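K.L.:
Coordinates for the following, if possible.
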Amino acid sequence: MRNKAITHPAQVLGVSLIEMVVFIVVVSIALLALVGVYRQATITNVDPIVRTQALETAQSLLDEILSLKYSESTPTGGIPACTVCDDTPDSNMNDVDDYRNWSDTPYAGYARSVTVETNAANTIKLVTVRVTTPRGETILLAAERANF
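P.N.:
Numbering: from 1, shown residues only. Modelled structure (predicted):
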């Protein structure tokens, strides 16, 4: 006995034009969403490299500054601590104060600057290194250098 629901073979075969148009619209929307995500990922793909380079640049300068003497008056080795410290920046770059308000451009598009602040008792200096990336982001590192 034949199935009475199927009366004509043309009703079973193929896809209608409306189904095909709906399929194309759905696939197009999905592709647009994927292309948007891919585009955003491509734009921000370099950001971690830029930030890492800025952080390494700031860290290397901060390490260099912290390895120097506390003051021009500090003896080599740092002991005994200077009681009357000479906090005047000069060009020999052999103590922390020589980097006060210092700035340079380590790479194209990067700007690096240093500030040195001394507490009232002149026993601790806060050294801050600021690096600005080509995209305008700022990496800030700070450390204290004690008079010993």
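K.L.:
got the residue ranges for the strands in this protein?
P.N.:
With strands called from DSSP state E, the chain shows them at 103-104, 111-118, 124-132, 138-146.
K.L.:
Of the ones you listed, which stretch is the most buried?
P.N.:
Comparing the strands of the chain by mean neighbour count (mean count of other C-beta atoms under 10 Å), strand 124-132 comes out on top with a mean of 19. From N, CA and C alone the C-beta is placed, and that goes for glycine too.
K.L.:
What pairs with that one, parallel or antiparallel?
P.N.:
Looking at strand 124-132 with DSSP bridges, its partner strands are strand 111-118 (antiparallel), strand 138-146 (antiparallel).
K.L.:
among these, which is nearest Val27?
P.N.:
Smallest distance to Val27 across the strands paired with strand 124-132 (C-beta to C-beta): 43.5 Å, for strand 138-146.
K.L.:
average pLDDT for the closest one?
P.N.:
Average pLDDT, strand 138-146: 94.
K.L.:
just stretch 69-76 next, same as before
P.N.:
82.
K.L.:
and this structure, what are its domains?
P.N.:
9-43, 47-146 (automatic domain parsing).
K.L.:
Could you look over the ones you listed and pick the most buried one?
P.N.:
Of the domains of the chain, the one with the most neighbours on average (mean count of other C-beta under 10 Å) is domain 47-146, at a mean of 15.
K.L.:
got a markdown table for the strands paired with strand 124-132, with distance to Leu61 too?
P.N.:
A markdown table is the format used below for the strands paired with strand 124-132 (distance: least, C-beta to C-beta, whole Å):
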| stretch | distance to Leu61 |
| --- | --- |
| strand 111-118 | 6 |
| strand 138-146 | 9 |
